[in-house]
Structures are given as C-alpha cells and as structure tokens.
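Trainee: 3D model of this:
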Amino acid sequence: MARIQEDLRRARAAERVLLEQVHYLDGLADDAETRRLTAETPLADRDWRDARTDLVRHTASLEDARRRVADLLAEQDDLLERLFELETATGRRDHP
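Mentor: As a prediction, this is how the structure comes out:
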C-alpha cells in the first residue's frame, strides 16, 4: 500500500507538470499559427508544425500520466477491498 501511495504521489506530480506544459505549449502553438497565417512564409509554417508536434507529444504524455494515476487508484481500491474482505472474514471468525 505504501508503494502505491508513493507511486501515486509521483504520478500526480508528473500529471500536474505535464498539464502546465500542455497549457504553455498550447499558447505557443496558437501564437505560431497566428504568425503562420499572417507571415505566410516557410519558416513560420515550420515553426507552427514544430509547435503543434510538441503540443501533441506532451498531450499524449499527459494522457499516459492520467492513465497511470487511474491504474494506481484502481490498484489501491483493489487492495483496500481485499483488506476489507480479509478483516470481515477475520472478524466473523472472532465473533461467531
């Protein structure tokens, strides 16, 4: 249980960092798109593609982190359920 708690703490921290990065990169991509549309140059187009690629990559990493948090929560719930069942079974034996 302690390992899951520590893993969950780290996964949530990673999720928060990635969320901040996605918000930042989304703004960069929006700015790059504006420059691409107004400048209409190959350099502005490349900058926009690069910004979008970074945003997509970080968004995928954020989704992975969210899945990791969900998996850890499910694992924690499973362990708690098993512990509850064990305590319930033990309690029934102690109190016939």
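
Trainee: alpha carbons only for contacts and neighbour counts from here, please
Mentor: Will do.

Trainee: buried residues in the strand or helix carrying Leu8?
Mentor: Using DSSP states H and E, Leu8 maps to helix 2-39. Neighbour-count burial for helix 2-39 flags 8, 11-12, 14-15, 18-19, 21-22, 25-26, 28-29, 32-33, 35-36 (criterion: 16 or more other CA atoms under 10 Å).

Trainee: Could you tell me the angle between the longest helix that the chain contains and helix 2-39?
Mentor: Looking only at the chain and at elements set by DSSP state H, the helix with the highest residue count is helix 42-94. For helix 42-94 against helix 2-39, the angle between stretch directions is 160 degrees (axes from the mean of the first three to the mean of the last three CA atoms, to 10 degrees).

Trainee: Tell me, how many residues neighbour the residue lying closest to Arg12 once chain neighbours are set aside?
Mentor: Distances taken as CA to CA, 6 or more residues apart in numbering put Val69 closest to Arg12, at 6.6 Å, once the chain neighbours are dropped. Neighbour count for Val69, taken as other CA atoms under 10 Å: 20.

Trainee: Double-check Val69 against Ala13; I have them as touching.
Mentor: No. Counting by CA atoms under 8 Å, no contact exists between Val69 and Ala13, whose distance comes to 10.1 Å.
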